[in-house]
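Novice: Mind looking at a prediction? Sequence and model below.
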2 protein chains.
Amino acid sequence: MKRSGEAGDKSVTATVKDVARLARVSVSTVSRVINNTVPVEPETRERVLSAIRDMDFRPNLLARGLRSKSGNLIGLLVPDILNESFALMSKYAEEYAERAGFALIIGNTNNDPDKEERFIRDLVRRHVDGIVFSRVSDKSRILQIIEESKIPFVIIDRSLEQEDVPTVVMDNYGAGVTAAEHLLSLGHRRFACITGPMNIAIVRERFLGFRETVGLRGGSLPDSRVYEGNFKYEAGARAVEHLARDQFTALWAHNDLMALGALNELQRQGKRVPEDVSLVGLDNISIAKMVVPPLTTIGQPFREMCESAVDIILRIRRGEKIPQLRVTLSPELFVRGTSGPAPTSAT
Amino acid sequence: MKRSGEAGDKSVTATVKDVARLARVSVSTVSRVINNTVPVEPETRERVLSAIRDMDFRPNLLARGLRSKSGNLIGLLVPDILNESFALMSKYAEEYAERAGFALIIGNTNNDPDKEERFIRDLVRRHVDGIVFSRVSDKSRILQIIEESKIPFVIIDRSLEQEDVPTVVMDNYGAGVTAAEHLLSLGHRRFACITGPMNIAIVRERFLGFRETVGLRGGSLPDSRVYEGNFKYEAGARAVEHLARDQFTALWAHNDLMALGALNELQRQGKRVPEDVSLVGLDNISIAKMVVPPLTTIGQPFREMCESAVDIILRIRRGEKIPQLRVTLSPELFVRGTSGPAPTSAT
DNA sequence: ATGAAAGCGCTAACAA
DNA sequence: TTGTTAGCGCTTTCAT
């Protein structure tokens, strides 16, 4: 049995053809009504719309995609969906994509360059309208695949050495400045820092902003008080063990997980936070405000970053010129319980 | 300029037609080689494969989907991607889907029934091969849409009143039994419980398993020591405030977030954990092992659940009969630092 | 074992 | 303003 074409036949998905028949117009007119491309006689238009309603017609996105090269789908690649920051990115990106009439297909690359490549290839085969990705690997091959595909793309949260690629990032240098200024304003002079992996560009930027600001304002941050971590909780604890013999009153960790690990180890050592040591994190993850004392931290502007990323994709797609290839957004400081005045005894 | 068809022309995506021309066969033969449908002369096959390699040909999934009703895509709907448990589900589901040759499109419904419906409708329009979803709303409309679409689906993690729907869940009753038995074996007799919202079926099951086991083995759990929470951190703290005047030595929270809130409030009240009160959670989220003392908890078998869910989708798709409509998997107990022997003074 | 041709459901020339 | 028609790139009869 083929489709019957009768009104009210909702059990089988209706097609433009069915709608056309019911509305007594051609399929192209149906298409015109759906897509608002060229004007249609109001009366005809009404007939079509009513037929669409009657049959509960919804255009097959595969057919549309095949024909018009747009399936209203945007791909998002994140390195680790278990990381709350990336889950947040997924959430916001999806919200903005939906608002613009696009669905979002999320790929969790699991920090695996091969998987990242497989994902990109899959997205290309699905002819997505754009790809937003937080890049993990530096294999230029991936960038090449995506550039060849002519699919609009934008890199989010991690910046590339290359400058000619659309990118949306937090002002990482600024985050370092913010952390330093907050602690300096509380009277601290002896600083320590737990960084992320130094081979990541944004990590170096964060550190630079922090160290330069500390230096400029008379604080001290010798190399012995800098610990290179890996963004994991355990690294924070290890860092504090490592820094234990050194005297410092202010500590900035490059993410909240390491800050939490550091907090835990500081307390285990009998140090009071913030009375003996002030601590600042970065990310503003949800547990940050649950620990005791609640963590002072810097929040990334993920909402704005995602909005901007989706917006850039849509602009490129429409053939618009992008005013600035690199969008930099400001971090936000959340002052809570782990930062306080520098101990007066410390000189 | 149309596609050139020359070997090595990778800048424009090659099509079956290009491959056919290069291999000097018809497009149908190319299709046969790709899909291994009917046997192809080894020599011809080699020619085709080599052409595919040369042109870096990858079938357009929209075209394939349009024609064969399968775009190798499975949809996953979760109520909140920020919830680590659902992020974990996304991760595992994606892994198993990829292993089976499918991509996963993740939808974050944000606990919004309307959004859930929009998502389902979108997935239907994309003709996905299956839908896995952790259901939020009880609007039967959604189930109706998805059933009408004839797309294979399975409900994961949340069970429905309806029995005739493919479902994969943890044994929630068993989780309650496990929690109770662990605490009973440590000598506890005076129990308390922080539950999730009682209108959720799995919450009632958890509670039932806990209460029945406690009752059967001579423990006490009066209604005054049962607090209905909402799965959030703050609810755990509130619960403990509420239960404060009551004497209990063992507390089970229906998720880790509430357990952590409870732990925090217990410590604030000066109660020692586990010396005065033993505490058990559920979920085994990553921070569970980071707090002090590390949280004893029950882990959901998400990995197996996702594997099973994807497997069920694929079976239905192949037209196989599902042996059991409802798959129930066992939880796992992780004994850590928040549970210990009942205080001897407590009678 | 292989090829020719039809067609999935849609959009976009091109005509009228 | 509307209809006719030709594909998008693939799979799948139906012949051979």
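Specialist: Cool, the structure landed. Nothing here was measured: the structure is a model prediction, and the numbers come from that model.

Novice: quick one: low-confidence ranges for the stretch 151-300 of chain A?
Specialist: Applying pLDDT under 70 to the stretch 151-300 of chain A picks out residues A:159-162.

Novice: Where does A:Val169 sit: helix, strand or coil?
Specialist: Look at A:Val169: counting by DSSP: H, G, I helix; E, B strand; the rest coil, its state is strand.

Novice: er, A:Leu260 actually
Specialist: helix.

Novice: ok, now which ones touch it?
Specialist: Shown in contact with A:Leu260 (CB atoms under 8 Å, 6 or more residues apart in numbering or on different chains): A:233, A:236, A:281, A:287-288, A:291, A:295, B:290. C-beta here means a position set from N, CA and C on the backbone, and glycine is covered the same way.

Novice: Of those residues, which belong to helices?
Specialist: A:233, A:236 (DSSP state H).

Novice: Which one of the contacts of A:Leu260 is nearest to A:Lys150?
Specialist: Of all those, the one with the least separation from A:Lys150 (CB to CB) is A:Gly281, at 40.5 Å.

Novice: can you pull the contacts of that closest one?
Specialist: A:252-253, A:255-256, A:258-260, A:288, A:295-298, A:338.

Novice: Closest one of the contacts of A:Leu260 to DNA strand D?
Specialist: Taking CB to the nearest atom of the strand as the measure, DNA strand D lies nearest A:Tyr233 of the contacts of A:Leu260, at 46.0 Å.

Novice: Please name the nearest non-neighbouring residue to that closest one.
Specialist: A:Gly261 (4.3 Å; CB to CB, 6 or more residues apart in numbering or on different chains).

Novice: is it true that the one you found touches A:Phe231?
Specialist: No. A:Gly261 lies out of contact with A:Phe231 (CB atoms under 8 Å); the separation is 10.4 Å.

Novice: Provide a complete list of residue ranges assigned to helices in chain A.
Specialist: A:16-23, A:27-35, A:42-55, A:61-68, A:84-99, A:113-125, A:140-148, A:172-185, A:201-216, A:233-243, A:256-268, A:302-317.

Novice: Now stretch A:189-207 - C-alpha only, CSV.
Specialist: The C-alpha trace of stretch A:189-207 is given here as CSV (Å, rounded to 0.1, in the frame of the first residue of the first chain):
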residue,chain,number,x,y,z
ARG,A,189,53.0,39.3,47.9
ARG,A,190,54.3,35.7,48.0
PHE,A,191,52.6,33.8,45.1
ALA,A,192,52.5,30.3,43.9
CYS,A,193,50.8,28.9,40.8
ILE,A,194,49.6,25.5,39.6
THR,A,195,49.4,25.6,35.9
GLY,A,196,47.9,23.3,33.2
PRO,A,197,50.2,21.6,30.7
MET,A,198,52.5,24.2,29.3
ASN,A,199,52.3,22.9,25.8
ILE,A,200,48.8,24.3,25.5
ALA,A,201,48.8,27.9,24.3
ILE,A,202,46.0,29.2,26.6
VAL,A,203,47.9,27.8,29.6
ARG,A,204,50.9,29.8,28.7
GLU,A,205,48.7,32.9,28.3
ARG,A,206,47.1,32.5,31.6
PHE,A,207,50.4,32.1,33.3
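
Novice: And it, what's buried?
Specialist: A:189-196, A:200, A:202-207 (16 or more other CB atoms under 10 Å in any protein chain shown).

Novice: which of those residues sit farthest apart?
Specialist: Greatest spacing in the buried residues of stretch A:189-207, by CB to CB: A:Arg189 and A:Ile200 (28.4 Å).

Novice: A:Glu304: how many residues sit nearby?
Specialist: A:Glu304 sits with 15 neighbouring residues when counted by other CB atoms under 10 Å in any protein chain shown.

Novice: if I pick the residue positioned nearest the centre of chain A, what's in contact with it?
Specialist: In chain A, the residue lying closest to the centroid (CA atoms, centre = their mean) is A:Met89, at 3.9 Å. When contacts are counted by CB under 8 Å, 6+ apart, A:Met89 touches A:76, A:78, A:134, A:156-157, A:302, A:305-306.

Novice: could those be laid out in CSV, adding neighbour count and distance to B:Asp129?
Specialist: Output for the contacts of A:Met89, formatted as CSV (neighbours: other CB atoms under 10 Å in any protein chain shown; distance: CB to CB, whole Å):
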residue, neighbour count, distance to B:Asp129
A:Leu76, 28, 21
A:Val78, 25, 23
A:Ser134, 22, 27
A:Ile156, 28, 29
A:Asp157, 24, 31
A:Phe302, 23, 32
A:Met305, 23, 33
A:Cys306, 26, 28
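
Novice: Among those, which one sits closest to B:Arg99?
Specialist: So of those, ranked by how close each gets to B:Arg99 (CB to CB), first place is A:Val78, at 19.8 Å.

Novice: Which pLDDT value belongs to the nearest residue to the closest one once chain neighbours are set aside?
Specialist: For A:Val78, ignoring the flanking residues on the chain, the nearest one in space by CB to CB, 6+ apart is A:Phe86 at 4.0 Å. As predicted, A:Phe86 sits at a pLDDT of 94.

Novice: hang on, isn't A:Phe86 packed against A:Leu77?
Specialist: No. Using CB under 8 Å, A:Phe86 is not in contact with A:Leu77, being 9.8 Å away.

Novice: Please work out the average pLDDT along stretch A:302-322.
Specialist: 94.

Novice: can you pull the buried residues of stretch A:143-158?
Specialist: Buried residues in stretch A:143-158, counted by 16+ other CB under 10 Å: A:143, A:145-146, A:149, A:151-158.

Novice: Out of the residues you listed, which is nearest to DNA strand D?
Specialist: Out of these, the member with the shortest distance to DNA strand D (by CB to the nearest atom of the strand) is A:Ser149, at 12.5 Å.

Novice: tell me the contacts of the closest residue to that closest one other than its chain neighbours?
Specialist: Among residues not flanking A:Ser149 along the chain, A:Val124 sits closest, at 4.4 Å (CB to CB, 6+ apart). Shown in contact with A:Val124 (CB under 8 Å, 6+ apart): A:145-146, A:149, A:151, B:13, B:58.

Novice: filter these down to the ones close to DNA strand D.
Specialist: Filtering those for proximity to DNA strand D (criterion: CB under 7 Å from any atom of the strand) leaves B:13, B:58.

Novice: Switch the contacts of A:Val124 over to JSON lines; also include distance to B:Asn36.
Specialist: Shown next, in JSON lines, are the contacts of A:Val124 (distance: CB to CB, whole Å):
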{"residue": "A:Ile145", "distance to B:Asn36": "26"}
{"residue": "A:Ile146", "distance to B:Asn36": "29"}
{"residue": "A:Ser149", "distance to B:Asn36": "27"}
{"residue": "A:Ile151", "distance to B:Asn36": "29"}
{"residue": "B:Thr13", "distance to B:Asn36": "22"}
{"residue": "B:Arg58", "distance to B:Asn36": "16"}
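
Novice: Format the contacts of A:Val124 as JSON lines; extra columns: distance to DNA strand C.
Specialist: Shown next, in JSON lines, are the contacts of A:Val124 (distance: CB to the nearest atom of the strand, whole Å):
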{"residue": "A:Ile145", "distance to DNA strand C": "25"}
{"residue": "A:Ile146", "distance to DNA strand C": "23"}
{"residue": "A:Ser149", "distance to DNA strand C": "19"}
{"residue": "A:Ile151", "distance to DNA strand C": "17"}
{"residue": "B:Thr13", "distance to DNA strand C": "17"}
{"residue": "B:Arg58", "distance to DNA strand C": "18"}
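
Novice: so which one among the contacts of A:Val124 has the lowest pLDDT?
Specialist: Lowest confidence among the contacts of A:Val124: B:Thr13, with 84.

Novice: How many residues are close by it?
Specialist: Neighbours around B:Thr13, by other CB under 10 Å: 19.

Novice: That one contacts A:Ser149, doesn't it?
Specialist: Yes. B:Thr13 is in contact with A:Ser149 according to CB under 8 Å; the separation is 7.5 Å.

Novice: Show me what from chain A comes close to DNA strand D.
Specialist: Counting by CB under 7 Å from any atom of the strand, the residues of chain A close to DNA strand D are A:24-29, A:32, A:38-41, A:43-45, A:63, A:66-67.
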